[in-house]
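In: below: sequence and its predicted model.
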Number of protein chains: 2
Amino acid sequence: MNSRYHTVPNRRDILNAAERVAPAVHRTPVMTCSRIDELTGRSCFFKMENFQRGGAFKIRGAYNAVSSLTEADASRGAATHSSGNHAQAVALAARERGIPAYIVMPSNAPSVKIAAVREYGGQITFCEPTLQAREEALQRILEETQAAFIHPYDDSRTIAGQATCALEFCSQVDDLDALITPVGGGGLLSGTLLTSEFLDRPLMVFGAEPARADDACRSVEAGRLEREPVPDTIADGLRTYLSELTFSIISGRVHGMIRIEEQEILSAMRLVWERMKAVIEPSGAVALAAALYHPLPDSVRRIGIIITGGNVDLDALPWMGDS
Amino acid sequence: MNSRYHTVPNRRDILNAAERVAPAVHRTPVMTCSRIDELTGRSCFFKMENFQRGGAFKIRGAYNAVSSLTEADASRGAATHSSGNHAQAVALAARERGIPAYIVMPSNAPSVKIAAVREYGGQITFCEPTLQAREEALQRILEETQAAFIHPYDDSRTIAGQATCALEFCSQVDDLDALITPVGGGGLLSGTLLTSEFLDRPLMVFGAEPARADDACRSVEAGRLEREPVPDTIADGLRTYLSELTFSIISGRVHGMIRIEEQEILSAMRLVWERMKAVIEPSGAVALAAALYHPLPDSVRRIGIIITGGNVDLDALPWMGDS
């Protein structure tokens, strides 16, 4: 892997990313819900990245990375491994640049995400759903094609792109006291933390992670990168580990890490569907679950919550088995 | 019934309504979807009233009517009959004014709509799902309480309120060639037609109606009010007949009426859930179905489509039986 892209993005990198992605991504709406304000006792603002192109915030990082490739590098295509949303995002960004996209996906990825990658013209290679299998499959593709690897989070270009979400959010809502993001590989949380450092007003940033995929919580607590447990959560977008890069950004910067139970994810997801009329995926509900079911400092009155994505199989909703 | 409210709202009535409802309703976002543009070959803009307070555009008319009651009239409460969204809207508007809401609902109304009326503090009387039963039940309540009847569509205050949706839509999107609204009792279509008459730019307005509840199509074709067939459509919000007032507004003004088949409603609904990540109810998909599956004049390049509501039972989605 190329260490060129393992640096911490600075303010200039993030502002450049914002300029680069602006014409290609939606400025997604911020929504509110009086019922959720009642339940949390706070003013909650939702950045609806489920309405983003490709159905998730991931286009921000992927587009920033793909559009910053040199012509020579781009001509060989872009490649990545991802369980879904980043895969779609790279396929979409590559299609817009007119270059091939080679995507390694685990065989258990949601069918709706596989279909979307295909629709955007991505060339899919399936692998076993383990980290080792996906890395090996990707390595073979990189050797064959010499494509540019766009890592879903362990890449400063990706992180700078994800950072534009918080930047945009803070331009849409005044006086936020805190932001909460879900944590998978840590790209969005890293970008959000870096953005928070150059805002005019102090902003607390919290990470919310499924308790059944809590490597980031453990890593922050231990002060070193932990790769336990094997992720086993309904939040399929968060079944990944922090990298050295995202750990180095998060550790020491994050104001708090919050573990979310599976039932909390499902309840928060259903609440958004019912009350906000928005289709969101389980991963997209994790930050709201933190605000609903976990204590936050009393000083936090206005909370920004990033709803990260909405790519969910409508024929296999979590509550369908219950009836 | 009081003929005071059976006049055609004029420009001043609609502008007054816009001013009255502005602090109380959401300025709902306008969304686009590149996939739907591809499918229709046109630029489609969606006014997302499913994100409106109460989950539907109906708060516009109900709030306008309730807030325009005199103090003396208001003190006796507001009453209505409705299968759902207007019921919620009257309950919500009455709660905000601090007055009682008496709601007659058919016994087969969706449970999610009944629950919402209760939550807003509405006092529900159930009746058989026929027009006669609901009118009789309401009449008893009006005699007992002397409450102000807020008709879901056969009322100039309601129509002026619904008109604010198109007014707001046209302020959000430039150069629309046409608007399409669903048709139940005709309040939204009437308000949209009246608004279109005082815009700077000509705007064609189409009504889309379930073929299995096509009294408005038949009425426009016959040139007189028809009360056939007995509505039998999945679009539960559109199982109503035009009134003399809404017929008089629609007839001679509407550019075209389009009959939508049940399967078209379902396909359009599913497409919005999958691609726009928005929870919409069957009635809310009817206008999109017109754009997707029915011919429109070639001159229509930029279409505004009103997505009217999102109150649907998540435990009984139409496609759940299929798997």
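Out: Structure's in. What do you need? Residues are numbered from 1 along each chain as shown, chains lettered A, B, ... in the order given.

In: who touches A:Ser267 in this structure?
Out: Listed by Cβ atoms under 8 Å, 6 or more residues apart in numbering or on different chains, the contact partners of A:Ser267 are A:Ala289, A:Leu292, A:Tyr293. For every residue, glycine as well, the C-beta is placed using N, CA and C.

In: I misspoke; the intended subject was A:Phe169.
Out: Counting by Cβ under 8 Å, 6+ apart, A:Phe169 has contacts A:Val30, A:Phe45, A:Lys47, A:Leu176, A:Leu179, A:Gly304, A:Ile306.

In: next one: A:Val30
Out: Counting by Cβ under 8 Å, 6+ apart, A:Val30 has contacts A:Phe45, A:Phe46, A:Lys47, A:Met48, A:Phe169, A:Gln172, A:Val173.

In: next, it: phi, psi?
Out: phi -100, psi 130 (degrees, to the nearest 10).

In: so in terms of bridging, what pairs with it?
Out: Beta-bridge pairing for A:Val30 (DSSP bridges): A:Lys47.

In: if we can go back for a sec, quick one: which of the contacts of A:Phe169 sit in strands?
Out: A:Val30, A:Phe45, A:Lys47, A:Leu179, A:Gly304, A:Ile306 (DSSP state E).

In: once you drop chain neighbours, what's closest to the fourth one?
Out: The shortest distance from A:Leu179 to any residue that is not its chain neighbour, by Cβ to Cβ, 6 or more residues apart in numbering or on different chains, is 4.4 Å, and that residue is A:Gly304.

In: look up how far chain B lies from the one you found.
Out: A:Gly304 sits 17 Å away from chain B when distances are taken as Cβ to the nearest Cβ, to the nearest Å.

In: burial measure for that residue, as a count.
Out: For A:Gly304, the neighbour count with other Cβ atoms under 10 Å in any protein chain shown is 26.

In: let's have the contacts of A:Val30 in TSV, adding pLDDT.
Out: Shown next, in TSV, are the contacts of A:Val30 (pLDDT from 0 to 100):
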residue	pLDDT
A:Phe45	98
A:Phe46	98
A:Lys47	98
A:Met48	98
A:Phe169	98
A:Gln172	97
A:Val173	97
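
In: follow-up on the earlier one: which two in the ones in strands among the contacts of A:Phe169 are spaced the farthest apart?
Out: A:Val30 and A:Leu179 (12.1 Å; Cβ to Cβ).

In: quick one: which of the ones in strands among the contacts of A:Phe169 is nearest A:Val8?
Out: Closest to A:Val8, out of all of the ones in strands among the contacts of A:Phe169 and judged by Cβ to Cβ, is A:Leu179, at 18.8 Å.

In: just the buried subset of the contacts of A:Val30, please.
Out: A:Phe45, A:Phe46, A:Lys47, A:Met48, A:Phe169, A:Val173 (16 or more other Cβ atoms under 10 Å in any protein chain shown).

In: from these, which is closest to B:Glu71?
Out: Proximity of those to B:Glu71 (Cβ to Cβ) peaks at A:Phe45, which lies at 35.9 Å.

In: residues contacting the residue in the stretch 101-250 of chain A positioned nearest to chain B?
Out: Here the stretch 101-250 of chain A gets closest to chain B at one residue, A:Val112, 7.5 Å apart by Cβ to the nearest Cβ. Going by Cβ under 8 Å, 6+ apart, A:Val112 touches A:Asn311, A:Val312, A:Asp313, A:Leu314, B:Glu274.

In: in contact with the first one, which residues?
Out: Translated: A:Asn311. A:Gly55, A:Ala56, A:Gly84, A:Asn85, A:Gln88, A:Pro110, A:Val112, A:Lys113, A:Ala116, A:Glu281.

In: check what pLDDT the nearest residue to A:Phe57 once chain neighbours are set aside gets.
Out: Nearest residue to A:Phe57, sequence neighbours excluded (Cβ to Cβ, 6+ apart): A:Glu49, at 3.9 Å. Looking at A:Glu49, its pLDDT reads 98.

In: what about A:Glu49, distance to B:Phe51?
Out: 16 Å (Cβ to Cβ, to the nearest Å).

In: quick one, which of these two is more surrounded?
Out: A:Glu49 (30 against 25).

In: right, and the more buried one touches A:Ile306 too?
Out: Yes - at 6.3 Å, A:Glu49 counts as touching A:Ile306 under the criterion of Cβ atoms under 8 Å.

In: hang on, the earlier thing: ok so the residue of the stretch 101-250 of chain A closest to chain B is a strand residue?
Out: No - the assignment for A:Val112 (DSSP: H, G, I helix; E, B strand; the rest coil) gives helix, which keeps it out of a strand.

In: and it, what pLDDT?
Out: For A:Val112, the model assigns a pLDDT of 82.

In: check A:Ser323 too.
Out: So A:Ser323 comes in at 40 (pLDDT).

In: what's the answer for A:Ser3, then?
Out: On the pLDDT scale, A:Ser3 gets 66.

In: returning to what we had before: quick check: beta-bridge partners of the residue nearest to A:Leu179?
Out: Assigned bridge partners for A:Gly304, using DSSP bridges, are A:Phe45, A:Leu179.

In: how close does it sit to A:Val173?
Out: Taking Cβ to Cβ, one finds A:Gly304 at 6 Å from A:Val173.

In: hey, what's in contact with both of these two?
Out: A:Phe45.

In: least trustworthy helix or strand in chain A by mean pLDDT?
Out: Within chain A, no helix or strand scores below helix A:111-119, which has a mean of 89 by mean pLDDT, DSSP states H and E.

In: correct me if wrong: A:Thr125 contacts A:Ile103.
Out: Yes - using Cβ under 8 Å, A:Thr125 is in contact with A:Ile103, at 7.1 Å.

In: ok, those two, which is more surrounded?
Out: Between A:Thr125 and A:Ile103, A:Ile103 has the larger neighbour count (other Cβ under 10 Å), namely 28 against 15.

In: just give me how far stretch A:222-231 sits from the chain centre.
Out: Its chain's C-alpha centre and that of stretch A:222-231 lie 19 Å apart, by Cα atoms, centre = their mean, to the nearest Å.

In: which other residues reach it?
Out: Contact with stretch A:222-231 is made by A:210, A:212-215, A:218-219, A:238-244, A:247, A:251, as judged by Cβ under 8 Å, 6+ apart.

In: tell me which two of the residues you listed sit farthest apart.
Out: Every pair of the contacts of stretch A:222-231 checked by Cβ to Cβ; the farthest is A:Arg212 and A:Glu244, at 23.1 Å.

In: how about the helices of chain A, start to end?
Out: Counting by DSSP state H, the segments of chain A that form helices are A:11-21, A:34-40, A:59-67, A:71-75, A:85-97, A:111-119, A:131-145, A:156-172, A:187-196, A:215-222, A:244-250, A:262-271, A:286-293.

In: these: which one's closest to B:Pro152?
Out: That would be helix A:34-40 among the helices of chain A, by Cβ to Cβ, at 23.3 Å.

In: show me what the closest one is packed against.
Out: strand A:43-48, helix A:286-293 (3 or more Cβ pairs under 8 Å, 6 or more residues apart in numbering or on different chains; DSSP states H and E).

In: now render the ones you listed as TSV, adding distance to A:Leu193.
Out: TSV is the format used below for those (distance: least, Cβ to Cβ, whole Å):
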stretch	distance to A:Leu193
strand A:43-48	16
helix A:286-293	14
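
In: most packed of those?
Out: helix A:286-293 (a mean of 26; mean count of other Cβ atoms under 10 Å in any protein chain shown).

In: excluding chain neighbours, what is closest to A:Val173?
Out: With Cβ to Cβ, 6+ apart as the criterion, A:Val173 has its nearest non-adjacent residue at 4.8 Å, and that residue is A:Phe45.
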